[in-house]
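A.B. asks: Pasting a predicted model and its sequence here:
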Amino acid sequence: MSATHDGPRGLPGHLDELNRSLIVGVLNVTPDSFSDGGRYDDVESAIAHGRALYAGGADVVDVGGESTRPGAARTAPEIERERVMPVVGALAEAGVPVSVDTINASTAAAAVGAGAVIVNDVSGGLGDPGMLDTVAALGTTYVCMHWRAYSDQMDDHAVYDDVIGEVRDELAARLDACVAAGIDLERVVIDPGLGFAKTPAHNWMLLGGLDELATLGRPILVGASRKRFLGELLADSGTGAQRAPSGRDVATSTLSALASLRGVWAVRVHDVVATHDAIRAAHAWSTHQLDQRDV
């Protein structure tokens, strides 16, 4: 997988001009997200944090109103819209490129109408039968993630004989569904869905198998930020207790830099400042290596 970072069609022009992986900043406006639930669940603090993410180096701010942490219960679409719409509108009006993190077609349509430029659907169109038709009608950029079940059931579906091959094939089927719905494939990004119906071992194998996923011909987004497999990796050697989500940012930034060197289109993270620095350093190193080869 060459480090081209080529992106999807339809985004604001300045995002196409970046010769590095984009940084998608996570903005959860929920009371129950695994990492920062409740910190930004009022409109004022959410908008302020979204602005801070953008100022700190996020190229896109991803606003979500439904927790997808393991075991999370579903949120009614109308409640989700109440949470995200004021934030999406205010950030878009301020010139921040906004993505909406939703599996609901009605929320996607409302958010794009308010200025969102990306629909980030963790269900890949499986969570709402109207999503793909809606995205096709909106003509927006679409992140299609690998998904097998809702959050309260997904751990039961973390069973694979060949996780890289099965994720690749299941994503290929979702791309076919996108085309059948009338979505311009040039506007579609794929996401391997780290942590969603995946064990820690599955996540590491998928990160090592990015080249295989790249054969699908679509840009890749990697979302590893603060996830359980990093908590397990960094577990206390004495007690075995997983590292808390807030203590996983250095590992996240490291993975993000490595993924950038592999040419992924974007990484989705909570700590955009550290990730921005890590990706800049990785890009400088990669560029210097290329320059040396030309000497």
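C.D. replies: Okay, I see it.
A.B. asks: Dump the C-alpha coordinates for the strand or helix carrying residue 277 into PDB.
C.D. replies: Applying DSSP states H and E as the criterion places residue 277 in helix 272-294. Extracted C-alpha coordinates of helix 272-294, given in PDB (Å, rounded to 0.1, in the frame of the first residue of the first chain):
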ATOM      1  CA  VAL A 272      -5.800  15.700  17.600                       C
ATOM      2  CA  VAL A 273      -2.800  17.700  18.800                       C
ATOM      3  CA  ALA A 274      -0.600  14.700  19.500                       C
ATOM      4  CA  THR A 275      -1.800  12.900  16.300                       C
ATOM      5  CA  HIS A 276      -1.100  16.000  14.200                       C
ATOM      6  CA  ASP A 277       2.400  16.100  15.500                       C
ATOM      7  CA  ALA A 278       3.000  12.400  15.100                       C
ATOM      8  CA  ILE A 279       1.700  12.400  11.500                       C
ATOM      9  CA  ARG A 280       3.800  15.500  10.600                       C
ATOM     10  CA  ALA A 281       6.900  13.700  12.000                       C
ATOM     11  CA  ALA A 282       6.100  10.500  10.100                       C
ATOM     12  CA  HIS A 283       5.500  12.500   6.900                       C
ATOM     13  CA  ALA A 284       8.800  14.400   7.300                       C
ATOM     14  CA  TRP A 285      10.600  11.100   7.800                       C
ATOM     15  CA  SER A 286       9.000   9.500   4.800                       C
ATOM     16  CA  THR A 287       9.700  12.500   2.600                       C
ATOM     17  CA  HIS A 288      13.300  12.600   3.700                       C
ATOM     18  CA  GLN A 289      13.700   8.900   2.900                       C
ATOM     19  CA  LEU A 290      12.300   9.500  -0.600                       C
ATOM     20  CA  ASP A 291      14.600  12.500  -1.100                       C
ATOM     21  CA  GLN A 292      17.600  10.400  -0.200                       C
ATOM     22  CA  ARG A 293      16.700   7.800  -2.800                       C
ATOM     23  CA  ASP A 294      16.600  10.500  -5.500                       C
END
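A.B. asks: Who are the packing partners of it?
C.D. replies: Here helix 272-294 touches strand 22-28, helix 249-261, strand 266-269, going by 3 or more C-beta pairs under 8 Å, 6 or more residues apart in numbering; DSSP states H and E. Placement of C-beta: from N, CA and C, glycine included.
A.B. asks: let's see 10 Å
C.D. replies: strand 22-28, helix 43-55, helix 249-261, strand 266-269 (3 or more C-beta pairs under 10 Å, 6 or more residues apart in numbering; DSSP states H and E).
A.B. asks: In TSV, list those along with mean pLDDT.
C.D. replies: As requested, these are exported to TSV (pLDDT from 0 to 100):
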stretch	mean pLDDT
strand 22-28	96
helix 43-55	96
helix 249-261	97
strand 266-269	98
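A.B. asks: residue ranges with poor pLDDT in the stretch 151-295 of the chain?
C.D. replies: 289-295 (pLDDT under 70).
A.B. asks: Figure out the helix or strand that residue 119 lives in.
C.D. replies: Using DSSP H and E, residue 119 falls in strand 118-121.
A.B. asks: in the helix or strand just after that strand, what's buried?
C.D. replies: Sequence-wise, the next helix or strand downstream of strand 118-121 (DSSP H and E) is helix 131-138. Across helix 131-138, burial judged by 16 or more other C-beta atoms under 10 Å covers 131-136, 138.
A.B. asks: Right, I'll leave it there.
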